[in-house]
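Peer 1: Sequence and predicted structure below; questions after.
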Amino acid sequence: MKKERKITHADLLHGPLAGKIVLFALPLALSSILQQLFNMADTAVVGRFASSQAMAAVGANAALINLIVALFVGISVGVNVRISAYIGMGVEERISRAVHTSILVAVIAGIFLLALGIFLSKPLLLLVNTPDDVIDLAILYLRIYFLGMPASLIYNFGSAILRSKGDSRRPLYALALAGVINVILNLVFVIGFRMSVAGVGLATVISNIISAFLIIWFLMHEEETYRLDLRKLTIEKNDLKFMLKIGLPAGGQGMLFSLSNTVILSAINSFGYAAAAGSTACGNYEAYSYLLVNAFSQAGLTFTSQNFAARQYDRCKKIYRLTFAFALIGAAALDAVFLAGRSFFLGVFTADEAVIEYGLMRMFRVLVFQWLVSTYEVAGSTLRAMNYSLTPTLLMVFGTCILRIIWVSFIFPLNPTFPFLLTVYPISWIITGSLVIGTYLYLRKKVFAMPPVNTVE
């Protein structure tokens, strides 16, 4: 009698979808929101207990950090798709090599980013017109932050491995514990030892190390198929090639998004520290809305990857409809909450009236439209799960990045006011969403009618 194979991962291929998608996405959303809360803690602690210049210094690094790390974090998308495809096609014996390839790539990339961040911090901050009264603090924070980059990438890649098998909870547990320690250390270093931005940077590095350690521990105690054995770390060529095929366009898109935001940051910095600090404060709440969208987008990526590999195309269509609806409605509701309590939420960061004024301007021109991000994020992730990674990247680069750079370079100078500068955000979201959704619907009709192909090799 044939022995039945033990299923060691969540079953995303059968049964009702809505509940499973929510149960997968909520821990992921909570993980991202917790991470953002801890980032907010960095900003709020230095803003309240150091200075507005220190808060602006921390905020001035956000776009640059995203720009530098986006390419490598994007590769973790390829990790998710690769392992999910193995599961969907029933070739779990190949998963172990993908796990070990992923972790080794994370270590190598993290060391590279550590060196890059330390040596290029000053030139990059000067390039984005960081205000003179902020530049020294910003350089110090960026250099300390990048000391934790190897740990940060290990956490991201390890989390992608766990998510590919339907486990979005343990990354949440790891992040929650590390984040609580981060907040405690922020208070100790900044209030107790008067370390200002150096304190919040050091707290972030320590918390990254803790979260990476926990993820590695989880993987080392996994079922045999997914178990990490440090003695077996190696790079398997075919797995790396696939991860790069899917991940590099996703990472490149993230880099170009960050580049366009860095161009906008440079324009924002030209209005002085109050504009930089106000944008930083509001930007934290914009991030919550985006992270909720991203959670359902990542759910769509994982669910679609498995079902697409299993050739369950009707189920793929339903996954897209559900994840898009959940992302759009959830983000709109969250935006409404932040707008309703705008005075309180901005007051968390600062009592400086000039900073609050700029924060309010951004809320009514950017945050109110943040839900539009769901139009291209969910469709883009679904396309990547169908092995179309470059297509959404090119569309998003055109609809968002290029448009924003053109706006700042040629249109904004015609009316160089802070509100007019921010108008580019909703305009770019509408254009990008229309392009990506239209392309997804076209390719879906074409691909689902084609004969099945091997998505593993």
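Peer 2: Okay, I see it. Numbers count the residues shown, from 1 in each chain.
Peer 1: quick one, strands of the stretch 351-457 of the chain?
Peer 2: For the stretch 351-457 of the chain, applying DSSP state E, counting those that start in this stretch gives no strands.
Peer 1: List the residues that contact Asn186.
Peer 2: Each residue near Asn186 by Cβ atoms under 8 Å, 6 or more residues apart in numbering is listed here: Ala41, Asp42, Val45, Gly199, Val200, Ala203. Backbone N, C-alpha and C define where each C-beta goes, glycine included.
Peer 1: which ones among those residues are found in helices?
Peer 2: Within these, residues falling in helices by DSSP state H are Ala41, Asp42, Val45, Gly199, Val200, Ala203.
Peer 1: Spatially, which two of those residues are the most separated?
Peer 2: Greatest spacing in the ones in helices among the contacts of Asn186, by Cβ to Cβ: Ala41 and Gly199 (11.5 Å).
Peer 1: between the two, which one's more packed in?
Peer 2: Gly199 (27 against 21; other Cβ atoms under 10 Å).
Peer 1: So the more buried one versus Thr350, what's the distance?
Peer 2: Gly199 is 18 Å from Thr350, where distance means Cβ to Cβ, to the nearest Å.
Peer 1: Over to Ala174?
Peer 2: From Ala174 to Thr350 the distance is 31 Å (Cβ to Cβ).
Peer 1: just Phe418 next, same as before
Peer 2: 17 Å.
Peer 1: Show me which of those two is the more surrounded one.
Peer 2: Each of Phe418 and Thr350 has its neighbours counted (other Cβ under 10 Å); Thr350 has more, 22 against 18.
Peer 1: pretty sure the more buried one contacts Ser52?
Peer 2: Yes. Here Thr350 lies in contact with Ser52, judged by Cβ atoms under 8 Å, at a distance of 6.3 Å.
Peer 1: joint contacts of the two?
Peer 2: Residues touching both Thr350 and Ser52 (Cβ under 8 Å, 6+ apart) are Ala277.
Peer 1: related to what we said a few turns ago, just name the closest of the contacts of Asn186 to Ile319, please.
Peer 2: Of the contacts of Asn186, the one sitting nearest to Ile319 (Cβ to Cβ) turns out to be Ala41, at 34.7 Å.
Peer 1: Just give the closest residue to the closest one, not the sequence neighbours.
Peer 2: Val183 (4.8 Å; Cβ to Cβ, 6 or more residues apart in numbering).
Peer 1: what about dumping the CA coordinates of the strand or helix carrying the one you found to PDB?
Peer 2: Element membership for Val183 (DSSP states H and E) is helix 169-187. Taking C-alpha atoms only, helix 169-187 is exported to PDB below (Å, rounded to 0.1, in the frame of the first residue of the first chain):
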ATOM      1  CA  ARG A 169       2.500  34.100  11.800                       C
ATOM      2  CA  ARG A 170       6.000  33.200  13.000                       C
ATOM      3  CA  PRO A 171       7.600  36.200  11.100                       C
ATOM      4  CA  LEU A 172       5.100  38.300  13.100                       C
ATOM      5  CA  TYR A 173       6.200  36.700  16.400                       C
ATOM      6  CA  ALA A 174       9.800  37.300  15.600                       C
ATOM      7  CA  LEU A 175       9.200  40.900  14.600                       C
ATOM      8  CA  ALA A 176       7.000  41.600  17.600                       C
ATOM      9  CA  LEU A 177       9.600  40.500  20.100                       C
ATOM     10  CA  ALA A 178      12.400  42.400  18.300                       C
ATOM     11  CA  GLY A 179      10.300  45.500  18.000                       C
ATOM     12  CA  VAL A 180       9.300  45.700  21.600                       C
ATOM     13  CA  ILE A 181      13.000  45.500  22.500                       C
ATOM     14  CA  ASN A 182      13.600  48.200  19.800                       C
ATOM     15  CA  VAL A 183      11.200  50.600  21.500                       C
ATOM     16  CA  ILE A 184      12.700  50.000  25.000                       C
ATOM     17  CA  LEU A 185      16.200  50.500  23.700                       C
ATOM     18  CA  ASN A 186      15.100  53.800  22.000                       C
ATOM     19  CA  LEU A 187      13.900  55.200  25.300                       C
END
